[in-house]
Every structure is written in C-alpha cells, then in structure tokens.
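S.K.: need a 3D model of the following:
(one chain, ligands or ions: 2)
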Amino acid sequence: MRRQKTQVVIVGAGPSGLLLGQLLHKQGIDNVIVERVSAEYVLGRIRAGVIEQGFSDLMEEAGVSGRMKAEGEVHHAVEIATYGDVHSIDLSGLTGGKVVTVYGQTEITHDLMDARSASGQQTIYEAADVQPHDINTDSPFVTYTVDGQQQVLECDYIAGCDGYHGICRPSIPEGVLKEYEKIYPFGWLGLLADTPPVNFELIYIKHERGFALCSKRSETRSRYYLEVPVDEKVENWSDDRFWEELRRRLPADAEKRLVTGPSLEKSIAPLRSFVAEPMQYGRMFLVGDAAHIVPPTGAKGLNLAASDVSTLYRILTKVFKQGRTDLIEKYSQICLRRVWHGVRFSWWMTSMLHSFDESDIEGRIRSSELSFFLKEEAGRRVLAQQYVGLPYEEIE
Ligand code: FAS
Ligand code: PHB
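M.R.: Ligands and ions are numbered 1, 2, ... in the order given. Next up, the predicted model:
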C-alpha cells in the first residue's frame, strides 16, 4: 500500500475540483485530485453554458481565462418570451454594467485540465473505492484503489468536489446534516447541434406546450432544451421530433430563423432543488454539486460551485499562510448565504416559466407575478441582479 502526503485532497475532477486545485496551486498549496472516471468521460458531459461575472473573474485569477476571453461571448441582455411576447432584460443597464459570458462548461473543464497538466499537480483518474477517513480528526486521509492496489493520501484538509452522487457527503455521520430537497414534476431534454443559433441572446420561453430554452456554445453551435414529463425517455425523441416540438414553442420571429441539423448530443436531466447543511464537517468541506443542486432555469448550478470554490480557496490560503484556523468554521455559513439566493432564484425562474396548472388561483397569481417582473423596471432590475450573479462575500 502506497502512502503519500499532501496539504489538500480534492475528491472529484469536475469544474469545482479542477478550479480549486488550480487556485490552490497558484498559492503554492500542494493538492492532489482523485477522480472516479477518466478525463475523457468528464469532458463528455454536456452541461452549463452561462458564466457569471464572478466566475469569469475567478477564472482570470486562476490564470485560465485566455480562451474564454477569446472565444466566449459576452451578453448584455437575456430574453424571456411568454406566450409569444418577447421581453428583453437589459442586464448591463439594470446592474450598472454587469454581463454574463456564454462559454460551455466543457470548454472550462478543458482549460482547467490543460492548466493542471502544465502545473505538474497530480490528478489520479479512474480511482476506484475513493473513501475519506478520520475527517473529524487533525489527520484525515483518503484511500482509493488503482490497478487493484489500495493507496493512501494523508492530508490536512479534504475538499468534497464530487457532485450530487459523490462519496463525500454520505461520509458525514448520520444526524450531522440536514438536507432540503424539492423534486420538480418535469425534466429538461437537451440537444446540442452544429447549427447557427436562432438568436444572439438566450431566449427563455414560457409556452402552453411547455418551457423551452434557446442557448448556444458559439455562433455555429446551438444548445436547446425542451421541458418534458419527468418519466420521459430520450429514446422517444428523434431529432425530427425534437425540432418539430421546438418549432411549435418558439416565438414567431425566432421560428423563422430556426436552422435544424443532426444532434451531437441529446439527454434528459431531472430537475431538483437540494441543499445539505452544513457544507462542512471536521476537516472536510463540501463544494458545488456535492452540497447543492438547482434546476438549470436560472443558470446557477455551475456558478454557485464557483462561489463555493472562491470561499474555500480564500479561507485555506489564509489558514496555510497566516494560521487563520478561526476561518475554518465560517466556510459553510458564508457559502450558504449565497447558495440559498441561487436556490430561490432558480426555483422562481422554474416556477414562473414551466407548465404548472394555470387554471387554479396559484396559476393566476404566478401569471400576475411574472407579468410584474417582466413589465415593471423594478421587477426587471431584481431579475437582472440575480441573473448576472450576486457579489461574492469578502473573507475577513
Ligand atoms: P460535477 O458533478 O460536475 O463533478 C463531480 C466530479 O466528481 C465528477 O467528475 C465525478 O465523476 C466525480 N466523482 C463523483 N463521485 C466520485 C467519487 N466517489 N470519487 C471520485 N470522484 C467522484 N448548471 C448550469 O449552470 N447550467 C446548466 O445548464 C446545467 N445543466 C446541467 C445538466 C446536467 C445533466 C447536470 C447533472 C448538471 C447541470 N448543471 C448545470 C449543473 C452542473 O453544471 C454543475 O453545477 C456542475 O457540474 C458542478 O460542478 P461540480 O461541483 O464540479 O460537480
Ligand atoms: C446552457 O447553455 O446549457 C444553459 C444556459 C442557460 C441556462 C441553462 C443552460 O439557464
């Protein structure tokens, strides 16, 4: 059995783990990432596409923003269509100049993987049976198996960046965590295609047939989503069926511009809101999807992961460089203040734009609320502030 010592073990090589590893490395803090699957498998997941200003700034601080600046698309507005009426939300005008960047999570992961390879920091892919141990002691460690050989990674701290289905959250003893969850009665059927997008801005569409979203990865690669029943199967959706249904939900002008083509990827994601409190136990911290999940309607999942990473990186830097161990216990409360804002906004966008029963009083109240937020400047300002992302909390 091989034993190795590092300062921080990061479980998971998704965007949370890779970004944290890069930021810690730049501060001279040694870290090792253990990942369950291969790098190719991680890159094969098609997920987020909208990056908040805070995340872009963090990528710059990590020294990995070059390609995002060159290839990412800055957006000053976003559109919301309700039953054919299109409302443009002037993000920059309503937030004193803030913007979002359209740049796929796959590209972010690519950039972070390239930076990690260049840094020489160790990443162990296809690690089986990863397991944190002694997390509530001063000498935690992580075991894993590679090529049938068990290995031991001794460390000072463990960052659980292993997503909703990871091993770190379940490693916290019974009774410590309180979990909050809301399951939505529908999913998102996503399609990626090398076709020109129907619109420069993203369009979130409320339609009697169900929600739809027109997004993109570039001016030649489109990303679309359709609300489907929660038990829907992707095998039931040929490309033709997808395009025909999207065409029926698009506003008239966009429908005229729709260019269809063969799908590069098609998958269904279930929608849930989930938060585990606290986001830490002993010397282990939960980061990103390991601690919280939001429906993608607010484009917050990846962005909340980034603000968790920012908080943990800043705390650990002060701990290792200034001995500020008093900050350790503040991680969860700082993260959760911003996480719950993201959870609420994602729930609100999902509730406003997906097909719930519109015939009862709740349906009428929802329509009235959405109408206020789209037609009144005060409403649009609140929507814009949430969409571009609330400020990151300073670490004192
Ligand atoms: P991730 O889940 O990305 O990464 C966790 C990593 O840990 C994975 O590589 C996994 O293999 C690894 N891991 C798991 N268990 C392990 C173990 N036991 N040992 C070692 N490694 C382990 N967000 C948006 O903002 N917009 C979107 O449109 C959007 N769409 C999404 C669609 C889907 C289908 C999903 C699942 C999520 C989507 N999200 C979206 C949210 C998503 O982007 C996440 O917020 C983002 O991936 C979070 O990154 P991580 O916290 O790194 O978790
Ligand atoms: C995407 O491009 O994948 C995307 C964009 C905005 C969202 C969700 C997904 O709210």
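S.K.: now do the strands in the stretch 101-250 of the chain.
M.R.: Assigned by DSSP state E, counting those that start in this stretch, the strands in the stretch 101-250 of the chain fall at 123-124, 128-133, 141-146, 149-154, 157-160, 178-193, 203-206, 212-216, 222-229.
S.K.: the third one pairs with which strands?
M.R.: Meaning strand 141-146. Using DSSP bridges, the strands paired with strand 141-146 are strand 128-133 (antiparallel), strand 149-154 (antiparallel).
S.K.: of all the residues in this structure, which ones are close to ligand 1?
M.R.: 11-17, 34-37, 42, 47-49, 105, 130, 161-163, 165-167, 269, 288-289, 296, 299-303, 305 (C-beta under 6 Å from any ligand atom). Backbone N, C-alpha and C define where each C-beta goes, glycine included.
S.K.: buried subset of those?
M.R.: 11-17, 34-36, 42, 47-49, 105, 130, 161-163, 166-167, 288-289, 296, 299-303, 305 (16 or more other C-beta atoms under 10 Å).
S.K.: can you put the strands of the stretch 101-250 of the chain in TSV and add distance to ligand 2 and mean pLDDT?
M.R.: Shown next, in TSV, are the strands of the stretch 101-250 of the chain (distance: least, C-beta to the nearest ligand atom, whole Å; pLDDT from 0 to 100):
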stretch	distance to ligand 2	mean pLDDT
strand 123-124	25	98
strand 128-133	28	98
strand 141-146	31	97
strand 149-154	34	97
strand 157-160	24	98
strand 178-193	7	97
strand 203-206	7	98
strand 212-216	3	97
strand 222-229	4	98
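S.K.: go through the ones you listed and pick out the most buried.
M.R.: Burial of these is given as mean neighbour count (mean count of other C-beta atoms under 10 Å); strand 157-160 ranks first at a mean of 28.
S.K.: run me through the strand neighbours of it, direction for each.
M.R.: strand 8-11 (parallel), strand 284-286 (parallel).
S.K.: neighbours of residue 260, just the number please.
M.R.: Neighbour count of residue 260, defined by other C-beta atoms under 10 Å: 16.
S.K.: and the pLDDT at the closest residue to it other than its chain neighbours?
M.R.: Nearest-residue entry for residue 260: residue 243, 4.2 Å, with adjacent residues in sequence omitted and distances by C-beta to C-beta, 6 or more residues apart in numbering. Looking at residue 243, its pLDDT is 98.
S.K.: run a quick neighbour tally on residue 243.
M.R.: Neighbour count of residue 243, defined by other C-beta under 10 Å: 19.
S.K.: do the same with the one 5 residues further on
M.R.: By the measure other C-beta under 10 Å, the count of residues near residue 248 is 14.
S.K.: correct me, but it touches residue 208?
M.R.: No. Residue 248 lies out of contact with residue 208 (C-beta atoms under 8 Å); the separation is 9.9 Å.
S.K.: relative to residue 184, how far out is residue 211?
M.R.: Using C-beta to C-beta, to the nearest Å, residue 211 is found at 11 Å from residue 184.
S.K.: swap in residue 143?
M.R.: From residue 143 to residue 184 the distance is 37 Å (C-beta to C-beta).
S.K.: would you pull up the residue in the stretch 51-200 of the chain closest to ligand 1?
M.R.: Residue nearest to ligand 1 within the stretch 51-200 of the chain: residue 163 (2.7 Å; C-beta to the nearest ligand atom).
S.K.: that residue - nearest residue in space that isn't next to it in sequence?
M.R.: Per C-beta to C-beta, 6+ apart, closest to residue 163 is residue 289, 4.3 Å.
S.K.: ok, back up a step: in TSV: the strands of the stretch 101-250 of the chain, plus distance to residue 384.
M.R.: Below are the strands of the stretch 101-250 of the chain laid out as TSV (distance: least, C-beta to C-beta, whole Å):
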stretch	distance to residue 384
strand 123-124	38
strand 128-133	40
strand 141-146	42
strand 149-154	44
strand 157-160	32
strand 178-193	23
strand 203-206	13
strand 212-216	18
strand 222-229	21
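S.K.: give me the pLDDT value at the residue of the stretch 51-200 of the chain closest to ligand 1.
M.R.: At residue 163, pLDDT is 98.
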